[in-house]
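# what's the 3D shape of this:
(chains A and B)
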2 protein chains.
Amino acid sequence: MTPPAVVLLSGGLDSATVLAIARDQGFRPAALTFRYGQRHAVEIAAARRVAAAMGVTDHRIADIDLRVFGGSALTADIAVPKGRADAEIADGIPVTYVPARNTIMLSFALAFAEVIGAADIFVGVNAVDYSGYPDCRPDYIAAFERMANLATKAAVEGHRLTLHTPLISLTKAEIIRRGLTLGVDYAITSTCYDPNPEGAACGQCDSCRLRLKGFAEAGLEDPAPYA
Amino acid sequence: MTPPAVVLLSGGLDSATVLAIARDQGFRPAALTFRYGQRHAVEIAAARRVAAAMGVTDHRIADIDLRVFGGSALTADIAVPKGRADAEIADGIPVTYVPARNTIMLSFALAFAEVIGAADIFVGVNAVDYSGYPDCRPDYIAAFERMANLATKAAVEGHRLTLHTPLISLTKAEIIRRGLTLGVDYAITSTCYDPNPEGAACGQCDSCRLRLKGFAEAGLEDPAPYA
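Just a heads-up that it's a prediction; the model follows:
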């Protein structure tokens, strides 16, 4: 029987690739997407398209209101930076950092995994482009996995949980190439921090710049719509 | 200056005591309560009363919908057990266990702490009465704290986070005695898993039985209303 795995799916380039990798590794992916008061709610529509395109039969959308805390350009009334150079993007923690976001999302993934009896969770964190985000680093991931194995009924009963981060040390170009060999349709993904209401990407935020640079380094055109 | 501390406040007996302890230890408590689709929404009213009675000026109510996963008598359509003996309560993981609940709540507490610049989080987990809940045990708490210290911007900048669990090894009677010396008014707390619409406790669920036994062992009457 194909074992289930929880895949965190934002609808962006990275998580779409992770979903394809989980499927390729022989798992039956169950996708989890968050509606967290973010500006880029068009991501949710993208997540639905990606899940449908990859034949996911169990896709849950969880509501979590991170606006109750504020503190990030993605959830509060702070401007998304545009047109930053690569060095600026790589350096320090940006204002788009959402406090404890990966910890919160992984905690929900843990609950979902326990409910459906999954021993595997896949998440598209990346320590190359997001070196400024503490919760994208390998030592953080290892510590979360260790905590998770003490947290649940399944763990107590001896079902060891594994947290898979297949993109953690890949460049954006490598991620794109990997996804293309697995049949990912990047035209239906949405990565932009500040898309227009029709879902077209801005092309100028950190996330768009990293994505466009990745396609350029892979020698490809990004098939997604830009404003 | 009085340092801030995040206190997870359910409105129950334990968390009200923890709030009093945090204040007594010289912290300025900021309280965090969850509306998570639970049956016992009257707890939220209790949390507001407790916060007000203890002079908390920053009390946030975060919406998280755990019903998206189901899997517990507290969030799904499963009957809350009534009239169980002490041995049954202590043995195994009950149907009122919510998958990964403490992990999810502590993750939100971590976000809140980061936003308000708090280096301390207080939570009323207890390993005596809730030995069947994996996420109430000391090794789980230690693993969460370790993960949290790798998760946030504050941690990266060297502000070590401490997770306080002052009730972890106390009996219910000891918790009650401690709270009374600190001026906690237990009449305004709500602990029941299945209260009536007016907020009166059922007196029969595991949580009521543990509470009533605690008051009895302390040689006291529970001042809260029972149906």
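# what about the helices in chain A?
A:13-24, A:42-53, A:86-90, A:101-116, A:138-151, A:153-156, A:172-181, A:206-217 (DSSP state H).
# wait, which of the ones you listed is closest to B:Gly70?
With C-beta to C-beta as the criterion, B:Gly70 lies closest to helix A:101-116 of the helices of chain A, at 6.3 Å. In short, each C-beta sits where N, CA and C put it, glycine included.
# circling back to that earlier point, which one of the helices of chain A has the lowest average pLDDT?
Among the helices of chain A, helix A:86-90 has the lowest mean pLDDT, at a mean of 60.
# picking that back up, distance to chain B and mean neighbour count for the helices of chain A - can I get that in CSV?
What follows is the helices of chain A, written out as CSV (distance: least, C-beta to the nearest C-beta, whole Å; neighbours: other C-beta atoms under 10 Å in any protein chain shown):
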stretch, distance to chain B, mean neighbour count
helix A:13-24, 18, 25
helix A:42-53, 14, 20
helix A:86-90, 15, 14
helix A:101-116, 4, 25
helix A:138-151, 4, 21
helix A:153-156, 5, 19
helix A:172-181, 23, 19
helix A:206-217, 16, 20
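# any chance of TSV for those, columns distance to B:Gly132?
Output for the helices of chain A, formatted as TSV (distance: least, C-beta to C-beta, whole Å):
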stretch	distance to B:Gly132
helix A:13-24	32
helix A:42-53	35
helix A:86-90	47
helix A:101-116	15
helix A:138-151	14
helix A:153-156	9
helix A:172-181	42
helix A:206-217	44
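# of all the ones you listed, which one comes closest to B:Cys202?
Comparing the helices of chain A by C-beta to C-beta, helix A:153-156 comes nearest, at 24.8 Å.
# that closest one - contacts with which helices or strands?
Secondary-structure packing of helix A:153-156 (3 or more C-beta pairs under 8 Å, 6 or more residues apart in numbering or on different chains; DSSP states H and E): helix A:101-116.
# show me what the helix it packs on is packed against.
strand A:4-8, strand A:28-35, strand A:120-122, helix A:138-151, helix A:153-156, helix B:101-116, helix B:138-151.
# please repeat the previous calculation with a cut-off of 6 Å.
strand A:4-8, strand A:28-35, helix B:101-116 (3 or more C-beta pairs under 6 Å, 6 or more residues apart in numbering or on different chains; DSSP states H and E).
# what residues does the last one touch?
Translated: helix B:101-116. A:69, A:71, A:99-100, A:103-104, A:107, A:110, A:151, B:4, B:6, B:8, B:30, B:32, B:62, B:121, B:135, B:144, B:148, B:152, B:154 (C-beta atoms under 6 Å, 6 or more residues apart in numbering or on different chains).
# can you check the second one too?
Defining contact as C-beta under 6 Å, 6+ apart, one finds that strand A:28-35 is touched by A:2, A:4-9, A:19, A:22-23, A:44, A:47, A:51, A:56, A:58-64, A:109, A:112, A:116.
# one more pass at 8 Å, please.
Applying C-beta atoms under 8 Å, 6 or more residues apart in numbering or on different chains, the external contacts of strand A:28-35 come out as A:2-11, A:19, A:22-23, A:41, A:43-44, A:47-48, A:51, A:54, A:56, A:58-64, A:105, A:108-109, A:112, A:116, A:118, A:122.
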